[in-house]
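Peer 1: Next input, structure requested:
(one chain, ligands or ions: 1)
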Amino acid sequence: MTVDKKAVLVVSFGTSYHDALKSSIESAERDIYEALPDYEPRRAFTSEFIVHKLAKRDGILVDSPVEALARLKDEGFTRVVVQPLHIIPGFEYHEVQNAVIDCEKSRAFQSICLGEPLLYNHDDYSMVVKALEVQLTPNGPGEAVVFMGHGTNHISNASYYRLQRCLDEAGLNAYIANVEGDPSFEAVRNRLHMSGVQRVCLMPFMLVAGDHAKNDMAGGDDSWKGVLEREGFRVDVHMHGLGENEAIRRIYVQKAIKAVNGETAGKGR
Ligand code: CO
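Peer 2: Model prediction:
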């Protein structure tokens, strides 16, 4: 009789900031590992740039998803669950999905399953909005929250518009703007001006408060903070990645459990 050797691989974009690594990525990984105690915990990052930077600067070695899966195969693992910490089903999620499909095709494991990114199913949006509400200070009239999303030229960029609609339907004075592409910061700024907002709180809608949050959102004169202040808004900053939000982490945990139970739409056997 062969004994199952099980592993859970948690995949994120990665970060080169040690504080963000600890507070956002490691805490999300830990919650998933704790929910699957029979599974050997493993990590992979999808950003080659960050993997190289960590190796060169700090001597910290992190696998890519393909490398991590090859390692698990070499070590004789039989059941693998892969849970991405990505926000939308964009290019990076599909890269992870392709690595999983390759393992299925080559029968690298007895079973391999893939969890969903944060915004995937219909119900995810209302759950994410509820989770975001936890971190919103009650905003009175004249106050708004602006989330900084990443954005992409992948079709899944539409997820951000759907999230905006859910924020609106929840009656929250909150907007999402992306660093790359639409909805643009400029468009959201116009909405802020038109709605008579005086005070804005900026928050990353990304797993970690990394480069984009520290520089593009809350950096110098050219950052969103700088621009809004110049235009007369009072600006507060919430320098915490989504991985620091326990309710968001709980959604990822549920997705990993769903994947193990084979309830995830799409790939997995
Ligand atoms: Co970027």
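Peer 1: mind giving me the domain ranges of this structure?
Peer 2: As assigned by automatic domain parsing, the chain contains the domains 6-119+245-260, 136-239.
Peer 1: can you give me the strands for the stretch 51-200 of the chain?
Peer 2: Here the stretch 51-200 of the chain has its strands, by DSSP state E, counting those that start in this stretch, at 79-84, 111-114, 143-149, 174-178, 199-204.
Peer 1: Any idea which of these gets closest to Arg250?
Peer 2: strand 79-84 (13.0 Å; CB to CB). Placement of C-beta: from N, CA and C, glycine included.
Peer 1: Could I get the contacting residues of Lys225?
Peer 2: 202, 217-219, 235, 237 (CB atoms under 8 Å, 6 or more residues apart in numbering).
Peer 1: circling back: out of the domains of the chain, which comes closest to Met127?
Peer 2: Smallest distance to Met127 across these (CB to CB): 5.6 Å, for domain 6-119+245-260.
Peer 1: chain center to that closest one, what's the gap?
Peer 2: The chain centroid and the centroid of domain 6-119+245-260 are separated by 12 Å under CA atoms, centre = their mean, to the nearest Å.
Peer 1: next one: stretch 255-266
Peer 2: 18 Å.
Peer 1: buried set for it?
Peer 2: 255-260, 264 (16 or more other CB atoms under 10 Å).
Peer 1: ok, so of those, who is nearest Val145?
Peer 2: Lys255 (24.9 Å).
Peer 1: Is the closest one in contact with Leu114, as I believe?
Peer 2: No: taking CB atoms under 8 Å as the definition, Lys255 is not a contact partner of Leu114, at 9.8 Å.
Peer 1: what's the overlap in contacts for the two?
Peer 2: By CB under 8 Å, 6+ apart, the residues touching both Lys255 and Leu114 are 83, 264.
Peer 1: Please tell me which one of the contacts of Lys225 counts the most neighbours.
Peer 2: Neighbour counts for the contacts of Lys225 (other CB atoms under 10 Å) peak at Met217, which has 25 neighbours.
Peer 1: Just give the nearest non-adjacent residue to that residue, would you?
Peer 2: Spatial nearest neighbour of Met217, excluding adjacent residues (CB to CB, 6 or more residues apart in numbering): Met148 at 4.8 Å.
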